[in-house]
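# Okay, here's the prediction I keep looking at, along with the sequence it came from:
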Amino acid sequence: MAYIQERISKTGKKSYRALIRMRGYSSVSATFPRKTDAVLWAKETETAMHQGKYFKSSESRKRTVADLVDRYLDRVRKDSEERHENLKFMLLWWKQEIGHCILSNLTKAIISEKIDLLAATTWKLKNGTIKNISPARVNRYIAAFSHACTIAVNEWEWLESNPFQKISKLREPRGRTRFLDDDERARLLTECKKSKAQYLYPVVILALSTGSRQSEILGLKWKDIDFARKCIILHKTKNKEKRVVPLSGHAYDLIKELSRVRRIDTDLVFPSPSDPKQHWDVRASWDFAVKKAAIPDFRFHDLRHSAASYLAMNGATLAEISEVLGHKTLAMVSSDVPIQVKHTMYAE
């Protein structure tokens, strides 16, 4: 039930305090200079309470986007420091752009305007080339903030609904299907062997023979390698599911050789020379080797496509390739197998 109380200050100025007491809620009140404002607030608040929406609406009026981002990042950090680092830059961009916005005022129009701004972003590379942000990258920004809003709706009751529900992601171009031919593979491995970087050659061999991602390989610890069973147990994977991949042939020999000269101050298979607690950074050595091998338009992740194509050409089914690569669906593994190889598989 609502009560309107008239108050007079020492200076003689009038104000009106609206007080609401309702079963199941703590008493709430607000003060206004005009009685009509106090009555209107009381009616709206009582209606929200009867509909079971008062808590959410009141929180959304008190909280800002900055509050949401800060709390969400704290939550993510407690679960995974690595995921926190991946999301931090993207969510802080949203905070910088609309951190001041009250959650109750966060609309599709405001978000869409910022998505358009983000999609028009460019930056200058070291060689002077101007590069546009990719649709895929923009979609990661959208997904990061959207998930934070979902948590705010379902768990914190800071929002009535997720404003991203009616916002479409940008259309992305078809995924890359680049893989090494025999000559390119020979040239690349030759340059990796010649590299001054101790770990480059075994890391590339592992990528080609197991199809593992760069982060999975560089994050390997010696306890993850089972020499007796000739396999690697990947604990930190993209889909957060443990995966076992075979370790055999030349890859097994290289890792076995590394184990004989392993560092005793770290459990990492590929530790950084400057900080054994961190894994080695492959980028500079990789880029130099690819350049020396004269292989155009080839990224480290394309080694995964190459591994998938080699498995397919050796008679592995899509289901078997999916198990090795750690894909949850056959549609996902299909994107890693080049169309030329698929034709060969189906022809057989």
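Sure, I can see it.

# How about residues contacting stretch 77-95?
Stretch 77-95 is touched from outside by 65-66, 69-70, 72-73, 76, 114, 118, 140-141, 144-145, 148, 236, with contacts defined as CB atoms under 8 Å, 6 or more residues apart in numbering. Every residue, glycine included, has its C-beta placed from N, CA and C.

# Kindly recompute the last result at 6 Å.
Counting by CB atoms under 6 Å, 6 or more residues apart in numbering, stretch 77-95 makes contact with Ala66, Val69, Val76, Tyr141, Ala144, Phe145, all of which sit outside it.

# Tell me the buried residues within the residues you listed.
The neighbour-count test (16 or more other CB atoms under 10 Å) applied to the contacts of stretch 77-95 identifies Ala66, Val69, Val76, Tyr141, Ala144, Phe145 as buried.

# Which residue is the nearest non-sequential neighbour of the fifth one?
If you skip the residues right next to it in sequence, Ala144 has Met90 as its closest partner in space, 4.6 Å away by CB to CB, 6 or more residues apart in numbering.

# Could you check how far the one you found is from Arg77?
Met90 is 15 Å from Arg77, where distance means CB to CB, to the nearest Å.

# Those two - which one has more neighbours?
Neighbour comparison, Met90 and Arg77: the larger count goes to Met90, with 19 against 14 (by other CB atoms under 10 Å).

# Using the three-state scheme, assign that one.
State at Met90, reduced to three classes by DSSP: H, G, I helix; E, B strand; the rest coil: helix.

# Renumber starting at 774 from here on
All set: I'll call the first residue 774, so the last point we hit is now Met863.

# What separation is there between it and Leu891?
10 Å.

# what touches both of those two?
Common neighbours of Met863 and Leu891 (criterion: CB under 6 Å, 6+ apart): Tyr914.

# ok, the residue of the chain most remote from its centre to Lys887 distance?
Ranking residues of the chain by C-alpha distance from their mean position (CA atoms, centre = their mean) puts Gly785 at the top, at 58.5 Å. According to CB to CB, Gly785 stands 48 Å off from Lys887.

# any weak-confidence spans in the stretch 824-973 of the chain?
826-831, 898-900, 948-949 (pLDDT under 70).

# one step back: where's the residue farthest from the centre of the chain relative to Lys808, distance?
Shown here: Gly785 relative to Lys808, a distance of 16 Å by CB to CB.

# cool, and Met795?
When distance is defined by CB to CB, Met795 is 21 Å away from Lys808.

# mind listing the helices for the stretch 824-973 of the chain?
827-835, 838-852, 854-871, 881-892, 908-927, 955-967, 973-983 (DSSP state H, counting those that start in this stretch).

# Just name the most buried of those.
Mean neighbour count, computed with mean count of other CB atoms under 10 Å, is highest for helix 973-983 among the helices of the stretch 824-973 of the chain, reaching a mean of 22.

# just to revisit the earlier point, okay if I get the buried ones among the contacts of stretch 850-868 as TSV plus distance to Ala815?
Converted to TSV, these look like this (distance: CB to CB, whole Å):
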residue	distance to Ala815
Ala839	30
Val842	33
Val849	39
Tyr914	41
Ala917	39
Phe918	35
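
# Compare the helices of the stretch 824-973 of the chain and give me the one nearest Thr804.
Nearest to Thr804 among the helices of the stretch 824-973 of the chain is helix 827-835; the distance by CB to CB comes to 15.7 Å.

# re earlier: just the closest of the contacts of stretch 850-868 to Leu1020, please.
The nearest member of the contacts of stretch 850-868 to Leu1020, counting by CB to CB, is Val849 at 32.4 Å.

# Relative to Lys881, how far out is the closest residue to the closest one other than its chain neighbours?
In space, Val849 comes closest to His857 once its chain neighbours are excluded; the distance is 4.7 Å by CB to CB, 6+ apart. Between His857 and Lys881 the distance, using CB to CB, works out to 28 Å.

# cool, Thr1039 as well?
Thr1039 sits 49 Å away from Lys881, taking CB to CB as the criterion.

# same thing with Glu858?
When distance is defined by CB to CB, Glu858 is 29 Å away from Lys881.

# Could I get the full set of strands for the stretch 924-1073 of the chain?
With strands called from DSSP state E, counting those that start in this stretch, the stretch 924-1073 of the chain shows them at 998-999, 1004-1007, 1016-1019.

# Mind putting these into JSON lines with mean pLDDT?
Formatted as JSON lines, the entries for the strands of the stretch 924-1073 of the chain read as follows, by pLDDT from 0 to 100:
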{"stretch": "strand 998-999", "mean pLDDT": "95"}
{"stretch": "strand 1004-1007", "mean pLDDT": "91"}
{"stretch": "strand 1016-1019", "mean pLDDT": "88"}
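
# where does the stretch 974-1121 of the chain have low pLDDT?
For the stretch 974-1121 of the chain, residues meeting the criterion pLDDT under 70 lie at 1012, 1090-1097, 1099-1121.

# redo that, cut-off 90
Filtered on pLDDT under 90, the stretch 974-1121 of the chain yields the residue ranges 982-984, 986, 988, 1007-1018, 1034, 1036-1037, 1049, 1070, 1074, 1077-1121.

# Once you drop chain neighbours, what's closest to Gln1051?
Once chain neighbours are set aside, the closest to Gln1051 by CB to CB, 6+ apart is Ser1045, at 4.5 Å.

# Asp1040 and Asp997 touch, don't they?
No: in this structure, Asp1040 sits apart from Asp997 without contact. The criterion is CB atoms under 6 Å, and the distance is 9.1 Å.
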